[in-house]
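# Take this sequence and fold it.
(chains A and B)
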Amino acid sequence: MLRRIGVIVWVAALAAPSLAVAAGKVKSPPAAAPALSPANYPVERYTLENGLTVLLHEDHTVPVVCFWQWYKVGSRNERQGITGLSHFFEHMMFNGSKNVPPKEYDRQLESRGAYSNAFTTRDMTAYYEEGGKESFETMLKLDSDRMRELSLLPDMLKSEVEVVREERRFRVDNSVPGLLDEALYSTAFAASPYHWPVVGWMKDLERITRDEMVDYFRTYYAPNNCVLLLVGDFEPANAKSKLAQYFASIPRQTPPAAPVDSEPDQIGEKRVDVRYPSETVSIDVGYKAPSVASDDIWTLDILSNILSGGESSRLHQALVYEQQIALSAGSSFRAGLEPGLFELYAEMKPGHTAEEGEKSLYAEIQRLVSDGPSERELQKARNQAEAGFITALKTNNGAGQTLGYYEHIFGDYKRMFTAIDRYRAVTAADCRRVAQQVFDAKHRTAAILVPLEVGKEAQP
Amino acid sequence: MSGAPKRLALAALVACTALGASAATAAAAAARGGLAAATRTQLANGLSVIVVPTSRLPLVDFRLVARAGAVNDPAGREGVARLTADLLTQGAGKRGAKQLAEDIEFVGGSLSASAAAEQMVVSCEVLKKDLPLGLELFRDIIVSPTFADAEFARKKEEALGEIASDKSEPSVIAENAITRWFWGDSPLGHPPIGWEASLKAMTRDDVVRFHHGFLTPERSVLVVVGDVDPAALVASLKTAFAGWKPAGPPPTGDPYGPAAALHGRMVRIVNKPEATQTQIRMMCPSVPRNHPDWYAMQVANTICGAGFTSRLVNSIRVEQGLTYSISSRFQQQRAAGAFRISTFTRNDQLRKCVDATLAEVKKLVDEGPTAEELDKARNYLKGQFPLGLQAPDELAGEIANVEFFGLPQDFIATYPARVDAVSMADVKRVLKSYFCTEDLKILVVTNGELAHKALDGLGAMETKEIE
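Below you'll find the predicted structure:
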């Protein structure tokens, strides 16, 4: 969920990061020094007394800076009745703080040539501003003020919640991918905080109170629950002194309790139909997959790449190219803080059914479980991962996003550098073992868009 | 996670806009990463080549932009430019579709081709170490695509499937419907993907003919940005493209002109009975991209509906909570243009949203902006401009557009100064000339019955089904 349409794309499809890089586990990399290393991509990391973590990366190519603030809060930190609160906060952070009345945030930024946006996921809420280097201090002034004391004015809450409800209608209620995604997660998870949608249930959006928001702010918007990243054209000594000036005096808070994930083992396939007018059938399938705490996530990234990394990948080749039954087909996996889903999806060509699509998707999965990948497929996945890290760094924004993701999800941005070694270490045997574990029909949930012809009964 | 776009339709939502820096900063940008260091040359076959070395990352980006878009589709063959582009990567030179994909993806590179209203864009990105392979594939798909019968049949079916699929996406329905209604019989009046009927009539020969006639060196500009030695690269390009033959003299005009003037408000409702949210588009004629008022129009539009503090966002979203997104912009081609407003709102607020939007624009046109708004808009545009010069592929796109639209060669370097030169008088004048509230087309996609009642009295009204 974004504050406004546009502009944020997750960079680097295959760029998940590295846990416990036990050097002994890493097999010798095939030739060539890594294109990305701490030597050619220096980052300075330090922590202020109040627990606020700061990451700096200088790049003087273009006279601009990008300033990110990553708060360790997402919809997983919510509970029934206040779903959507994290994302609602993302909107309210622009609507007034102690010394910055409503509308002033954007007015001051734009007057100095800067742009802002933000996004919320199940695991995190991240904000950024981007503009000419001379707008840097304005960013710090505005962002420290809203971290210190957010106003949450009743009038602004009232009108902004309408904006969020409209965002929900746009992204979910009137959108096939949005409807399917919501159905998939709420069906697959019964007692995990990934059960509810990031944007929240419509009725919760109507009932969230200001008191609940004030509590939430104190708990999660504390400096010790945040990472700041500055990327671009700045002078480090000056930047550090300004960061301290604006942020060091914001008081630390008691760290939040970890969210409760009571998800039981899944003991049979779950299915859900979404009936909506459409000329094509869409399928979204999720297998229960581990969180970042598992070493298997590197293998899952590689598996996802083999299944859907470009037109030469298995799912495109099978469903789109050879069988010609689907308009698109692919997979997605991105390790999160809680156990999540390894997803497969397909949009069928008109006239082709969900049964055909599922059959083909599962046949490809079965082939991977039985035979594993070829050595060339493995090497291709590794090469794509490595190139993905380079292309993610093309802009300050992308660099900030990549560093922020690793720092937030793995607790250490340096995992970004060792991730490539982790990918290189994945073997065909690893792939077969993890595929067998994860791609178990008992752990599967299938959400199917069943086309509804307006004014008629549902059709298959 | 609410992560990467799952389908191409969604990817279209994330197109970055990048405009805007202080005079000193953009000049510095130009000197560091931009045109100051560009090597320009023209090959014997008429192809313009621009090479810009940047060594920040070990990447090379190729971008070819050709005057070979949907406006060049022959009547009855709407969609052929786009189908041609789709097929370039499905077999070329000695490689079939599978091998092409395998070879570029094995090295973690990308190779793509697409066609929009008046541009065909072919691009390739590879790590520096893979430059020879990247150039070979890039050259092959432009000069020697195979257009195998089986691939033609498959891509045609996929295009037909995409047309069917788009009918469940309200924003796509709205874009296609306003395009067709506004431009009418103009070559700009069909979506690049074409119509169901024109696609069904398409043959492989149509594609071969289009490729031969329009994807040609004299209609193209090639920009390379990345970690390269310009002299060596130009030599390689000369060799690679030596066999690419021109189809004729460079084109002199465009196959379309400006949209006809409108008189009064016209309303079209596209019926989508189950929608709980109404997509709204408004549109009126404007001037081409290469018009001297362009800078003043950009400043005025930033004040009207581009920035987050713009009048429309402030009033319709921030103050009234009627929408999640509203924006105004100029759609500008080589030989035509339009001013347009896009938004959506919940069904029961439709009339209020339309009225408030038009009233806000009218107020701005009548009274003009404040001095503070003007200053803010100029700073915003200047501050955002260098952001689009960071990534090699984006910089290549900016440079290619300078050529494509025939802009001054110093466009990037002088952008900040030209934005600064826009006066209050300029802004007031362009507001009156180009920001319409009375003579325009208004299109909504929603429950037809509800909309018919809500919009009563707004203008001449008609209801259509989704096409």
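# What's the local residue count around the closest residue to chain B within the stretch 251-400 of chain A?
Nearest residue of the stretch 251-400 of chain A to chain B: residue A:387, at 2.8 Å (Cβ to the nearest Cβ). Placement of C-beta: from N, CA and C, glycine included. Around residue A:387 there are 24 other residues, counting by other Cβ atoms under 10 Å in any protein chain shown.
# Could you report the separation of the residue of the stretch 151-300 of chain A found nearest chain B from residue A:423?
Nearest to chain B, among the residues of the stretch 151-300 of chain A, is residue A:162, at 3.2 Å (Cβ to the nearest Cβ). Distance of residue A:162 to residue A:423, given as Cβ to Cβ, to the nearest Å: 45 Å.
# quick one, which of those two is more surrounded?
Using other Cβ under 10 Å as the criterion, residue A:162 and residue A:423 rank with residue A:423 on top: 27 against 19.
# so the more buried one makes contact with residue A:298?
Yes. In this structure, residue A:423 is within contact of residue A:298 by Cβ atoms under 8 Å, at 6.0 Å.
# Which stretches in the stretch 101-250 of chain B count as helices?
Secondary structure of the stretch 101-250 of chain B (DSSP state H, counting those that start in this stretch): helices at B:131-143, B:149-166, B:170-183, B:196-201, B:204-214, B:230-240.
# Find the least confident helix or strand in chain A, judged by mean pLDDT.
The weakest-scoring helix or strand in chain A, judged by mean pLDDT, DSSP states H and E, is helix A:415-425 (a mean of 91).
# So is that one next to chain B?
No. Counting by Cβ under 8 Å from any Cβ of the partner chain, chain B has no neighbours in helix A:415-425; the shortest distance is 11.4 Å.
# And that helix, what does it pack against?
helix A:297-308, helix A:375-392, helix A:396-410 (3 or more Cβ pairs under 8 Å, 6 or more residues apart in numbering or on different chains; DSSP states H and E).
# Specify the angle between the second one and helix A:415-425 in degrees.
In other words, helix A:375-392. Using axes from the mean of the first three to the mean of the last three Cα atoms, to 10 degrees, the direction of helix A:375-392 lies 170 degrees away from that of helix A:415-425.
# mind checking the SS state of residue A:330?
strand (DSSP: H, G, I helix; E, B strand; the rest coil).
# shouldn't it be in contact with residue A:318?
No. Counting by Cβ under 8 Å, residue A:330 stays clear of residue A:318, with 11.3 Å between them.
# Make a markdown table from the helices and strands packed on helix A:415-425 and add mean pLDDT to it.
Converted to a markdown table, these look like this (pLDDT from 0 to 100):
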| stretch | mean pLDDT |
| --- | --- |
| helix A:297-308 | 97 |
| helix A:375-392 | 93 |
| helix A:396-410 | 94 |
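# Highest mean neighbour count out of those?
helix A:297-308 (a mean of 26; mean count of other Cβ atoms under 10 Å in any protein chain shown).
# per-residue confidence at the residue of chain B found nearest chain A?
Nearest to chain A in chain B, going by Cβ to the nearest Cβ, is residue B:383, at a distance of 1.7 Å. Listed pLDDT for residue B:383 reads 93.
# helix, strand or coil for it?
helix.
# which non-adjacent residue is nearest it?
residue A:113 (1.7 Å; Cβ to Cβ, 6 or more residues apart in numbering or on different chains).
# Any figure for the gap between the one you found and residue A:126?
From residue A:113 to residue A:126 the distance is 22 Å (Cβ to Cβ).
# Between the two, tell me which one has more neighbours.
Counted by other Cβ under 10 Å, residue A:113 and residue A:126 do not tie: residue A:113 has more neighbours, with 30 against 24.
# Would you map the strands across chain A?
A:44-47, A:53-58, A:64-71, A:115-120, A:125-132, A:226-232, A:270-276, A:282-289, A:326-332, A:340-348, A:444-451 (DSSP state E).
# Can you report how many residues neighbour residue B:257?
By other Cβ under 10 Å, the residues close to residue B:257 number 13.
# Same question for residue B:261.
Counted with other Cβ under 10 Å, the neighbours of residue B:261 add up to 8.
# who's in contact with the residue of the stretch 251-400 of chain A closest to chain B?
B:107, B:108, B:109, B:127 (Cβ atoms under 8 Å, 6 or more residues apart in numbering or on different chains).
# how about the nearest residue to the third one, chain neighbours excluded?
The one in question is residue B:109. In space, residue B:109 is closest to residue B:126, 3.9 Å off (Cβ to Cβ, 6+ apart).
# so the one you found bridges to which residues?
Bridge pairing for residue B:126 (DSSP bridges) gives the partners residue B:60.
# Pretty sure it sits against residue B:133.
Yes. If you go by Cβ under 8 Å, residue B:126 and residue B:133 touch, sitting 6.7 Å apart.
# Could I get the full set of strands for the stretch 1-150 of chain B?
Assigned by DSSP state E, counting those that start in this stretch, the stretch 1-150 of chain B shows strands spanning B:39-42, B:48-53, B:59-66, B:91-92, B:95-96, B:110-115, B:120-127.
# I'd like those strands laid out as JSON lines, including mean neighbour count and mean pLDDT.
Shown next, in JSON lines, are the strands of the stretch 1-150 of chain B (neighbours: other Cβ atoms under 10 Å in any protein chain shown; pLDDT from 0 to 100):
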{"stretch": "strand B:39-42", "mean neighbour count": "14", "mean pLDDT": "95"}
{"stretch": "strand B:48-53", "mean neighbour count": "21", "mean pLDDT": "96"}
{"stretch": "strand B:59-66", "mean neighbour count": "26", "mean pLDDT": "98"}
{"stretch": "strand B:91-92", "mean neighbour count": "24", "mean pLDDT": "98"}
{"stretch": "strand B:95-96", "mean neighbour count": "18", "mean pLDDT": "98"}
{"stretch": "strand B:110-115", "mean neighbour count": "21", "mean pLDDT": "98"}
{"stretch": "strand B:120-127", "mean neighbour count": "25", "mean pLDDT": "98"}
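# how about the closest residue to residue A:79 other than its chain neighbours, what does it touch?
In this structure, residue A:79 finds its nearest non-sequential neighbour in residue A:193, 7.8 Å apart by Cβ to Cβ, 6+ apart. For residue A:193, the contact set (Cβ under 8 Å, 6+ apart) comprises A:75, A:76, A:77, A:78, A:79, A:122, A:259, A:260, A:261, A:338.
# ditto for residue B:214
Residue B:214 neighbours (Cβ under 8 Å, 6+ apart): B:66, B:67, B:68, B:72, B:81, B:120, B:247.
# so which of the helices of the stretch 101-250 of chain B comes closest to residue B:304?
Closest approach to residue B:304 among those (Cβ to Cβ): helix B:170-183, 18.5 Å.
# residue in chain A nearest to chain B?
Using Cβ to the nearest Cβ, the closest approach of chain A to chain B is made by residue A:113 at 1.7 Å.
# any idea which residue sits dead centre in chain B?
A centroid search over chain B (Cα atoms, centre = their mean) returns residue B:116, at 6.7 Å, as the residue closest to the centre.
# and it, what are its phi and psi?
phi -110, psi -160 (degrees, to the nearest 10).
# quick one, domains of the chain?
Answering for chain A, as no chain was given. A:34-247, A:270-451 (automatic domain parsing).
# um, chain B though
Domains of chain B are assigned by automatic domain parsing as B:29-240, B:265-465.
# Serialize the ones you listed to a markdown table and add fields for distance to residue B:257.
Converted to a markdown table, the domains of chain B look like this (distance: least, Cβ to Cβ, whole Å):
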| stretch | distance to residue B:257 |
| --- | --- |
| domain B:29-240 | 8 |
| domain B:265-465 | 6 |
